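Engineer: Here you go, sequence then predicted model.
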Amino acid sequence: MSHSDGDLEQFREQTRAWLEANCPPEMREPVRDDDDVFWGGRNATFKNDAQKAWFEACRDKGYTVPAWPKEYGGAGLTPPQAKVLREEMARINARSPLSSFGIWMLGPALLQFGTEEQKQRFLNEIARGEIRWCQGYSEPGSGSDLVSLQTFGEDKGDHWVVNGQKIWTSYADKADWIFCLVRTDKADKYRGITFMLFDMASQGVSTKPILLISGNSPFCETFFDDVSVPKSYGEGIPAQVGEVNRGWDVAKYLLGHEREMISGADGGERTAAIGAAMKRSVGELDPVLRAELAQFDVDALAYACMGEKFLDEVKVGKAHPAQPNMMKYAGTELNKRRHELMMAAGGSRALEWDSEETDGGKTARNWLRTKANSIEGGTSEVMLNVIAKRILELPGA
Amino acid sequence: MPLYYDDDQAMLADTASQFMGEEGAIGKQLRHWRDRNCKDGFGHGLWKQMAEMGFTGILLPEADGGLGMGHVEAGIVLEEIGRNLTPSPFLTSSVLAASALTEGSDDLRGRWLPGLIAGDSVFAVAIDEGGKHRPERIATRAEKSGNGFRLSGRKDFVVQGASADMLVVAARTSGSDSDADGITLFAVPKDASGMNHEAVRLVDSSMATHTSFDGVELDGDAVIGEVDGGRTILNAMLMAGRVGAAAEGVGVARGAMDMTVDYLKQRKQFGKLIGEFQALQHRAAHLYSEVEIARAAVVKAAQLLDSESERADLMASVAKAKVAKVAGLAVREGVQMHGGIGMTDEYDIGLFMKRERALQEFLGDQYYHAGRVAELNGY
């Protein structure tokens, strides 16, 4: 669908008015704490009325997932309209009404590979914030070499019995359901994996948070001990996405979305603020640090353009299918640099681990957290391998 | 506006790519003129052909006989010029001087634009004074004299200055050297008495001049825009030129990268194609990533210029700085990965290194523009 400029301008005005009427002032403040982010789910609680009102307004308008079709809980916006909404939300610093691995990861996989009934059920639950998902990919022995995964699902006729262990499962301890890569054929490495959906409350599922160098525990170890997974959740709703044993196709597709998400491609131009803030706090900047900051700003502002271009191209199918790997590589390396500079800018104050003035050591903890960016979802080295092979088509890569 | 080319722009890119790939190719232009020690450093025949394609007037309004296109389109042509290292007066004449002349009087436009559009005229811009681009400081002075002005001073790095039929000269008509105000732009014809060129060949075989103005008499018609009001026109011209130079730089980076990646797929050592070695794969992949980012920054900056956005100035410097970093990386990696033959004159990769160096310096290098980014961001 194409729009005349007039249509889009009209949409922009409507959107601006709608945001003005529905986005409470508190939801235009930067996110400060974990509970400023609303994740939804069976056990979700709202931090305050503003968060609840903002979420419900977006949910009812389809703006938790604006580009999804209306029948699955979205607003059915066209790519140019979705971009206008993004721009208008960014303009007023509106927070995301709902954060969810269902929106970022499982949803796109279901839209691509799911049955109509799977979409009707799961996409609507995701859009309405009723279910919180986690992702079961990595295992202790399968990190960068993900396809070597060992968690096994034994075929018992009308159900699978799953045994094994996942690691780095984000928020597994808070999730309602998991989308999980399970080996269902030991003879075929690539065509022996099934992309399964099951309830984290199932008998035999347990989780154990992993304490990270940041002092936080966003990731878990997840154990499956004779977990019974029914093969069907009703008419047209199999437990797996795509075909049995063909889950690697889904996994690869979804990794693209994960990499896109980690890349911060949609981060816009939330940058270039470190230098000015630091000058305000310490006065004259060390000239060498100023030069570093300037070089960083050049790279960050250029990367923001790339993020915009990439998203524009994705929307119309112009992006190279392996381009998310490039975005992930560049975006995460940049984010690590940003936090190195924030530590330098913060000086000894940034070293404080739990003082009130630092919001509980936020600068230091975030700095440490970002070191995972170039590891999770595929390391920078794996990203470079993929670029070399699939984009540059170098031999033997 | 999406950050990819629309159908018309994609078509222009195809046309420009084919034209520069054939007519502007390294063997046909750069090496041809270099090896003949050409005093212009480019071929007038190609310039005439570019006029036939409409490229010479690409940025000029249709009312002036141009194509009325924008900086995205000019950037498309420049990227192909960069990929082929095509020597031409396009950037100085059709982007920089044209940008200034569009602010000129009907008389000025009528005098100079038809020749540009026809590919008969070549223009240069005289801005820099000294070895580095510092347009904030302009000491060349134009004193009132009768109905006109007397121009005195010296300009450096005037690209194609000796070949130019007209030079756009930034001079001071009031105030002191570092004042923002008090600048006036003049269109100085090549036969102006008292203007002397010391022509120099640069590392990339392009030609430039140190140009001195020794009481050059100009009549009032030579003023572009308003007396003392030239800074605005100068800034707009610099923005256009920087984004244009960045677009050409992206082309240089892509040209060098493509050559190098091809070489990795051909050269064998230790019984293997060298492109099989992960040490080289990762460096090539990093380079690809950087070139993509630089390219996006250039298209964005061009779009912002075309929409007259307030952010255009910042993003022009971001684009120029980013491209300088990335094109520099591309040519250094290119020569290194080619190994010994990368050091020979016979192979083209070294020509990319030379062109990148000159282009990096033109209208401000990466350090100058990173510094501007810091200033514009408030630190």
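Structural biologist: It's in.
Engineer: I'd like to know if stretch A:318-334 reaches chain B anywhere along the stretch.
Structural biologist: Yes: counting by C-beta under 8 Å from any C-beta of the partner chain, chain B has neighbours in stretch A:318-334: A:Lys318, A:Gln323, A:Met326, A:Tyr329, A:Ala330. The way it works is simple: take the backbone N, C-alpha and C, and place the C-beta from them, glycine included.
Engineer: Any chance of a ChimeraX selection covering the buried ones in the residues you listed?
Structural biologist: Command for ChimeraX that selects the buried part of the residues of stretch A:318-334 next to chain B, burial taken from 16 or more other C-beta atoms under 10 Å in any protein chain shown:
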select /A:323,326,329,330
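Engineer: domain assignment for chain B?
Structural biologist: According to automatic domain parsing, chain B comprises the domains B:7-121, B:125-228, B:232-376.
Engineer: out of the ones you listed, deepest packed?
Structural biologist: By mean neighbour count, with neighbours taken as mean count of other C-beta atoms under 10 Å in any protein chain shown, domain B:232-376 ranks first of those at a mean of 22.
Engineer: Give me the distance from that domain to the chain's centre.
Structural biologist: 14 Å (C-alpha atoms, centre = their mean, to the nearest Å).
Engineer: nearest residue to the residue nearest the centre of chain A other than its sequence neighbours?
Structural biologist: Centroid check for chain A by C-alpha atoms, centre = their mean gives A:Met261 as the closest residue, at 4.5 Å. Nearest residue to A:Met261 in three dimensions, chain neighbours excluded: A:Trp104, at 4.8 Å (C-beta to C-beta, 6 or more residues apart in numbering or on different chains).
Engineer: Surely B:Asp40 touches B:Gly161?
Structural biologist: No: between B:Asp40 and B:Gly161 there is no contact under C-beta atoms under 8 Å: 10.9 Å.
Engineer: joint contacts of these two?
Structural biologist: Shared contacts of B:Asp40 and B:Gly161 (C-beta atoms under 8 Å, 6 or more residues apart in numbering or on different chains): B:Met207.
Engineer: So what's the predicted local confidence for the nearest residue to A:Leu123 once chain neighbours are set aside?
Structural biologist: Distances taken as C-beta to C-beta, 6+ apart place A:Tyr72 nearest to A:Leu123, at 3.7 Å, with adjacent residues excluded. At A:Tyr72, the pLDDT value in this model is 97.
Engineer: Same question for the one 10 residues further on.
Structural biologist: For A:Ala82, the pLDDT comes out at 91.
Engineer: which residues does it contact?
Structural biologist: Applying C-beta under 8 Å, 6+ apart to A:Ala82 gives the contacts A:Pro66, A:Ala67, A:Lys315.
Engineer: Could I get the average pLDDT for stretch B:329-337?
Structural biologist: Mean predicted confidence for stretch B:329-337 is 98.
Engineer: looking at the domains of chain B, which is closest to A:Gly361?
Structural biologist: Of all these, domain B:232-376 sits nearest to A:Gly361, with 28.5 Å by C-beta to C-beta.
Engineer: Contacts only, for residue 71.
Structural biologist: No chain was given, so I picked chain A. By C-beta under 8 Å, 6+ apart, the neighbours of A:Glu71 are A:Gln120.
Engineer: My question was about chain B, not that one.
Structural biologist: Going by C-beta under 8 Å, 6+ apart, B:His71 touches B:Leu59, B:Ala240, B:Val243, B:Gly244, B:Ala301, B:Ala302, B:Gln303, B:Leu305, B:Asp306.
Engineer: what about the second one, distance to chain A?
Structural biologist: Meaning B:Ala240. Going from B:Ala240 to chain A by C-beta to the nearest C-beta, to the nearest Å gives 18 Å.
Engineer: Local confidence estimate at that residue?
Structural biologist: B:Ala240 carries a pLDDT value of 98.
Engineer: Fine by me, thanks again.
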